[in-house]
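# Turn this into a model:
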Amino acid sequence: MRFMVDPHFSFVLLLAVGSIIAVVLIGGCLGGPASDDRIIRTITPAEASGLVEEAGQDPKFVVIDVRRPDEFARGHIPGAININSAQFSEHMGSLDPDGRYVICCQRGGRSAGVREMMREAGFREVYEIGGGMSAWEAAGLPVVRD
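Reported below is the predicted structural model:
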């Protein structure tokens with residue numbers, strides 16, 4: 001028994017496959033969807049300390065402690081500002097989405113939530129300190145106490 005393929009079917013199949021390949025190639029050459037050049041990730045206290053040192057007095061670099069004011073007063077990263085995670089969404093509009101941010105809380109739970117809020121709002125560069133201030137202090141990094 002000999003298998004025969006309808007020439008019309010072969011042509012349609014070839015046309016469909018060729019069209020798909022053309023779309024993929026053209027999309028690749030045109031850049032396709034915009035690439036996401038944002039950096040949103042969790043880092044170690046040592047990496048955060050390196051970013052703080054590297055940034056120096058850069059006004060676009062901000063360390064945000066998202067704990068309650070009483071927790072912040074008991075010890076925070078030098079130069080950090082305090083924005084309580086419970087009110088963070090109210091303050092997000094005053095932050096530059098193109099800035100660089102390091103976010104911390106006590107152990108990482110609240111800062112993870114804030115990091116995600118910032119991601120969803122389109123912030124470009126947000127680092128969360130894994131383990132929060134507990135890990136920062138355990139690493140022997142500097143702490144300011146009010």
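
# When you work out contacts or count neighbours from here on, use the C-alpha atoms and nothing else.
OK.

# tell me the centre residue of this protein?
When Cα atoms, centre = their mean is applied to the chain, the residue found nearest the centroid is residue 40 (1.3 Å).

# Now that one: closest residue in space, sequence neighbours ignored.
residue 126 (4.8 Å; Cα to Cα, 6 or more residues apart in numbering).

# Does the one you found touch residue 115 like I think?
Yes. The pair residue 126 / residue 115 is scored as a contact, 6.7 Å apart, by Cα atoms under 8 Å.

# who touches both of those two?
Common contact partners of residue 126 and residue 115 (Cα atoms under 8 Å, 6 or more residues apart in numbering): 40, 103.

# For those two, indicate the residue with more neighbours.
Set residue 126 next to residue 115 and count neighbours by other Cα atoms under 10 Å: residue 126 wins out with 26 against 23.

# Check which helices and strands the helix or strand hosting that one is in contact with.
Assigned by DSSP states H and E, residue 126 belongs to strand 125-129. With contacts defined as 3 or more Cα pairs under 8 Å, 6 or more residues apart in numbering; DSSP states H and E, the packing partners of strand 125-129 are strand 39-43, helix 45-55, strand 100-104, helix 109-120.

# where's the third one relative to the chain centroid, distance-wise?
For strand 100-104, the distance between its averaged C-alpha position and the chain's averaged C-alpha position is 10 Å (Cα atoms, centre = their mean, to the nearest Å).

# Next: the first one.
Averaged C-alpha coordinates place strand 39-43 at 5 Å from its chain's average position (Cα atoms, centre = their mean).

# ok, residues contacting it?
Identification of contacts with strand 39-43 by Cα under 8 Å, 6+ apart yields 115, 119, 124-130.

# same thing but 7 Å
The contact list for strand 39-43 (Cα atoms under 7 Å, 6 or more residues apart in numbering) reads 119, 124-130.

# What of the last one?
Defining contact as Cα under 7 Å, 6+ apart, one finds that helix 109-120 is touched by 40, 66, 85, 103-105, 126, 128.

# and it, which residues are buried?
110-112, 114-116, 118-119 (16 or more other Cα atoms under 10 Å).

# With the second one instead?
Judged by neighbour count using 16+ other Cα under 10 Å, the buried positions of helix 45-55 are 45, 48-49, 51-52.
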